[in-house]
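Enquirer: the following comprises the amino acid sequence and a computationally predicted model.
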Amino acid sequence: MIKISESIAQALADRKAVVALESTVIAHGLPYPLNLEVAAECERLVHDAGAIAATIGIVDGTPTVGLSQTQLQSFAQGQAPDGSPIEKVGWNNLASVMMKRQWGATTVAGTLRIARLAGIKVFATGGIGGVHRGAADTFDISADLTALAEIPMVCVCAGAKAILDLAKTLERLETVGVPVVGFQSPTFPAFYSRSSGLPVDSVAQTADEAAQLALHHWAAGSTSALLVCAPVPEAFEIAYEEIERATAEAMRLAEIAGIRGKAVTPFLLSRMKEITAGKSLETNRALLLNNAAIAAQIAVSLVRLR
């Protein structure tokens with residue numbers, strides 16, 4: 001069902017540290033060629049920390065763990081070699097993309113599922129999806145939360161995307177039994193901002209502490225993920241108040257344009273870039289690199305502690 005690159009398969013067989021990376025941020029999150037540069041930097045940072053990077057996507061209908069440079073180039077340009085678009089793949093359309101032998105960029109939920117099948121225990125992303133603002137009317141809640149509830153992995157992120165209802169997202173994570181761990185922070189990061197002001201369940205000061213929390217969580221019989229939330233480096237932070245104003249304006253534009261469903265997030269992120277004069281793009285890059293480095297440290301700790 002899945003294809004694992006030779007180097008990653010060997011690393012898993014040798015019980016070495018491996019970190020899964022998603023491909024949606026490459027195909028749909030960042031513009032070209034910045035997306036390709038960030039993908040390469042994330043993989044380099046993982047390797048520098050002593051782990052193996054496994055960027056995941058769907059190639060010709062096959063879930064692929066460890067995309068090649070040629071494949072990464074196609075994802076970055078947003079289209080398969082035959083010119084067809086790269087699909088955004090979550091749990092709901094994974095089977096369809098496989099059956100039709102399409103190319104697909106995996107979301108947090110899609111990446112977690114494939115990484116779990118491959119035997120990988122740590123995953124790094126930018127920000128998770130969650131409960132959308134206005135979800136009481138739209139029922140728009142990301143499948144990322146369902147994946148985190150069901151897949152026992154460590155997920156390193158910068159909190160949930162700032163365009164979401166963060167308080168309700170945290171409530172949902174508590175309901176489904178996902179521990180929210182602040183990495184050197186007592187509050188939940190707000191993606192572009194270091195703090196939302198909302199408390200986390202516990203704090204890990206080091207990668208070893210985060211790894212120990214994960215092992216105790218699973219030893220206690222839990223089968224959910226451990227969500228490790230790392231604030232964006234301070235030099236790249238955008239003030240929470242500024243992001244709230246930009247989010248409100250982006251949502252107003254989405255409503256006017258009639259944007260619905262899975263098109264909402266990429267639309268809002270694109271508008272955020274315009275409204276913040278490109279600052280959000282710099283911040284997004286910084287937090288992706290930071291999360292990849294932290295995830296690699298945790299993966300190395302997990303291997304040593306186990």
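Expert: Perfect, thanks for sending it.
Enquirer: can you give me the end-to-end distance of stretch 215-227?
Expert: One end of stretch 215-227 to the other measures 13 Å (CA to CA, to the nearest Å).
Enquirer: contact partners of it?
Expert: Residues outside stretch 215-227 that contact it (CB atoms under 8 Å, 6 or more residues apart in numbering): 112, 128, 147-155, 157, 173, 176-181, 210, 213-214, 302, 305-306. C-beta coordinates here come from the backbone N, C-alpha and C atoms, glycine included.
Enquirer: which ones among these map onto helices?
Expert: Using DSSP state H, the members of these that fall within helices are 112, 147, 148, 149, 150, 173, 210, 213, 214, 302, 305.
Enquirer: what residues does the last one make contact with?
Expert: Under the criterion of CB under 8 Å, 6+ apart, the neighbours of residue 305 are 208, 211, 212, 215.
Enquirer: cool, and residue 201?
Expert: Residue 201 neighbours (CB under 8 Å, 6+ apart): 174, 179, 180, 181.
Enquirer: ditto for residue 235
Expert: Counting by CB under 8 Å, 6+ apart, residue 235 makes contact with residue 286.
Enquirer: show me which of the ones in helices among the contacts of stretch 215-227 is closest to residue 185.
Expert: Among those, residue 210 lies closest to residue 185 (CB to CB), at 12.1 Å.
Enquirer: which residues in the stretch 201-306 of the chain form strands?
Expert: 202-204, 226-229 (DSSP state E, counting those that start in this stretch).
Enquirer: then the stretch 51-200 of the chain?
Expert: Counting by DSSP E, counting those that start in this stretch, residue ranges of the strands within the stretch 51-200 of the chain are 52-59, 62-65, 87-89, 104-106, 122-124, 154-157, 180-183.
Enquirer: what is the rounded mean pLDDT of the longest one?
Expert: This means strand 52-59. Taken as a whole, strand 52-59 carries a mean pLDDT of 98.
Enquirer: count of neighbours near residue 61?
Expert: 15 (other CB atoms under 10 Å).
Enquirer: distance of it relative to residue 71?
Expert: 13 Å (CB to CB, to the nearest Å).
Enquirer: could you identify which of the strands of the stretch 201-306 of the chain is most buried?
Expert: Sort these by mean neighbour count, taking mean count of other CB atoms under 10 Å, and strand 226-229 sits at the top with a mean of 27.
Enquirer: can you list the strands that it pairs with?
Expert: Pairing partners of strand 226-229, with direction, according to DSSP bridges: strand 154-157 (parallel), strand 180-183 (parallel).
Enquirer: compare the ones you listed and give me the one nearest residue 102.
Expert: Shortest distance between residue 102 and these, using CB to CB, is found for strand 154-157: 25.8 Å.
Enquirer: with just CA atoms, put that closest one into CSV.
Expert: This file holds the C-alpha atoms of strand 154-157, laid out as CSV (Å, rounded to 0.1, in the frame of the first residue of the first chain):
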residue,chain,number,x,y,z
VAL,A,154,4.3,12.9,18.7
CYS,A,155,3.2,15.9,16.6
VAL,A,156,5.3,19.1,16.9
CYS,A,157,3.6,22.3,15.8
